[in-house]
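Chemist: Below is the sequence, then the predicted model.
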Amino acid sequence: MEIEIKLGPLTMQQTGDIFCDIKRLPVNGPARAIKMQTTYFDTPEGFFRQRRQTLRLRQEDDRPVCTFKSATTGISRLELECEAATIEEGAAILALHPDMPEETRQALAGGTFVPTCGAKFTRQTRLCKVGDTTFELCADMGRLFNGRRTQQMHEVELELAEGDPAVLEAVARQLMEAYGVTLCHKSKQQRAVELGEVSP
């Protein structure tokens, strides 16, 4: 289960300032940069979108990762992933996971998948620690795309590694007040899908 809070949309300046704010985000590890290119997939009938689920294939530097996500409640959601070179390979592996909902398992095991949209960005990431709570801070800067349409994307994510989710929420509130930013309730995929729905 993933517990994550996303702030955005942000400006490039806000994204950089928040990532470097070691007063509110005490460093607990070195920063690193990861180049990411993501393609989102669905069935021709839109199975995953209808259920607020995500199926994606992402290249993280040299590592190919297939991920499934499903919304749950609050700031938590089901997230399962595996290394896979193709979406078909990844879907077949994920279908075997014991936590996969049965209806989705069937769609993954025997489905046909089509690309819908994507994102290309650089992720700056480091671990932070507040008291006994450790979380990963990610600053994502790049572009969303849907067909020929693209849009700049800047956002910050705080993902719980261990500890109290309430601490993560408190840190997020401090950042929102300090930088005048808000929670982002839409995923990269949702915004990329909407990009393709905008009238010319």
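Modeler: Alright, I've got the coordinates. Numbers count the residues shown, from 1 in each chain.

Chemist: What residues sit buried inside stretch 115-128?
Modeler: 116-121, 123-128 (16 or more other Cβ atoms under 10 Å). Backbone N, C-alpha and C define where each C-beta goes, glycine included.

Chemist: mind checking the backbone torsions on the closest residue to residue 111 other than its chain neighbours?
Modeler: The shortest distance from residue 111 to any non-neighbouring residue, by Cβ to Cβ, 6 or more residues apart in numbering, is to residue 43 (5.2 Å). Here is the backbone geometry of residue 43 (degrees, to the nearest 10): phi -80, psi 160.

Chemist: residues contacting residue 43?
Modeler: The neighbourhood of residue 43, defined by Cβ atoms under 8 Å, 6 or more residues apart in numbering, consists of 107, 111-114.

Chemist: same thing but 10 Å
Modeler: 49-50, 55, 107-108, 111-114 (Cβ atoms under 10 Å, 6 or more residues apart in numbering).

Chemist: try residue 101
Modeler: 51, 53, 68, 70, 78, 107-108.

Chemist: redo that, cut-off 7 Å
Modeler: By Cβ atoms under 7 Å, 6 or more residues apart in numbering, residue 101 lies in contact with nothing.

Chemist: State the phi and psi torsions of it.
Modeler: Per degrees, to the nearest 10, the backbone of residue 101 is at phi -60, psi 140.
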